[in-house]
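1. Quick one, fold the following:
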Amino acid sequence: MLTDAMLGRVFREYANDMQSFFGILSYETGIPLYVNPAGMAMLQIRSAEAFTAFYPAGFLRKGPFRPYFDEVSTANTVERREECVLHTGQTIWIWLKMIKVAMEGQDLLLLRATDVVYLHELDQQNLPGNHAELSQLTLQRTEALRQSLSDLENVNATLSALLEQERSVNQRKSDFITAVSHEFRNPLAILQTSAMLLPQLDHAPDRRQRHALIIQEQIQYIKTLLENLVSQTLTDPAPISAGMIYQMAKDIKENGKPTA
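-> Residues are numbered from 1 along each chain as shown. As a prediction, this is how the structure comes out:
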């Protein structure tokens, strides 16, 4: 999906000439997805929302943009001199160019309207101002727009992949912490209980000896589990999963080392 931020970056880099309106419109609805700042200044508006409010059908004196869409669909490009009426009542002549492009599964309309007075000033400065030179410049910029949009989509896909990878790593870390905490919590609780009971069993040597054995076994269990985790990390570069920790703890318990 072409976001406002992506479209804005394209137009800031490639289409922000003074006295030139650049808009990316949805071909299906005619709603502008982006209007460049210079274009808003030319139309004396401040936002794309204002463009929709003041110019719901377009800003041409002869009628709405919609009939041009069908012409663009046939010829791919419409280019001609037209009279423009601003919402303030001011009338200016513009050089209008519309190009239909397909991008990411949707049809877009690139619309450029340049004040002909500005074009005349360009011509006086020996800058591209005649029809042939402007057409060539427009083609170059259109190709630059298409390439930039494609590059931005590739960057967006790469960032999405990196974010998904980071999410997966964070999930594995969370699972690892949960599994380790679970396997250490039970023996630590047993150690705490037995340690609290020992001072109270001076007159019960058999029970005192049994709890001392429990403490030794739980310590050995924790030590063995830690050694296995370290050994696994050193011998296998793959991340240790929660399932591996659970299986490791189960094998130690089944070998008869810890006692519950």
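
2. Give me the contact list for stretch 177-193.
-> Here stretch 177-193 makes contact (Cβ atoms under 8 Å, 6 or more residues apart in numbering) with 214-215, 218-219, 221-222, 225, 229, 242, 245-246, 249, 258, 260. C-beta here means a position set from N, CA and C on the backbone, and glycine is covered the same way.

3. Swap in 6 Å and give it another go.
-> Applying Cβ atoms under 6 Å, 6 or more residues apart in numbering, the contact partners of stretch 177-193 are 215, 218, 221-222, 242, 245, 249.

4. quick one: which two of these are the most distant?
-> Farthest pair in these (Cβ to Cβ) is 215 and 242. Separation: 27.4 Å.

5. Would you list the phi and psi of residue 92?
-> Phi and psi for residue 92, reported as degrees, to the nearest 10, are phi -140, psi 160.

6. Ok, residue 61 next?
-> Dihedral pair for residue 61: phi -60, psi -40, per degrees, to the nearest 10.

7. sorry, back to before: looking at the contacts of stretch 177-193, which are in helices?
-> Counting by DSSP state H, those place 215, 218, 221-222, 242, 245, 249 in helices.

8. Identify, from those residues, the entry nearest to residue 107.
-> Set against residue 107, the nearest of those by Cβ to Cβ is residue 242 (48.0 Å).

9. which residues touch the closest one?
-> 175, 179.

10. Residue 234 versus that one, what's the distance?
-> Remark: distance between residue 242 and residue 234 (Cβ to Cβ, to the nearest Å) = 20 Å.

11. what about residue 145, how many neighbours?
-> Counted with other Cβ atoms under 10 Å, the neighbours of residue 145 add up to 23.

12. Check residue 107 too.
-> 15.

13. Without its sequence neighbours, what residue ends up closest to it?
-> Excluding the flanking residues, the one nearest residue 107 by Cβ to Cβ, 6 or more residues apart in numbering is residue 27, at 3.7 Å.

14. What separation do you get for that neighbour and residue 48?
-> Counting by Cβ to Cβ, the gap from residue 27 to residue 48 is 16 Å.

15. Between those two, which is the more surrounded one?
-> Using other Cβ under 10 Å as the criterion, residue 27 and residue 48 rank with residue 48 on top: 20 against 16.

16. check contacts around the more buried one.
-> If a contact means Cβ under 6 Å, 6+ apart, then residue 48 has 32, 35 as its contacts.

17. what's the answer for the one 5 residues further on, then?
-> By Cβ under 6 Å, 6+ apart, the contact list for residue 53 is empty.
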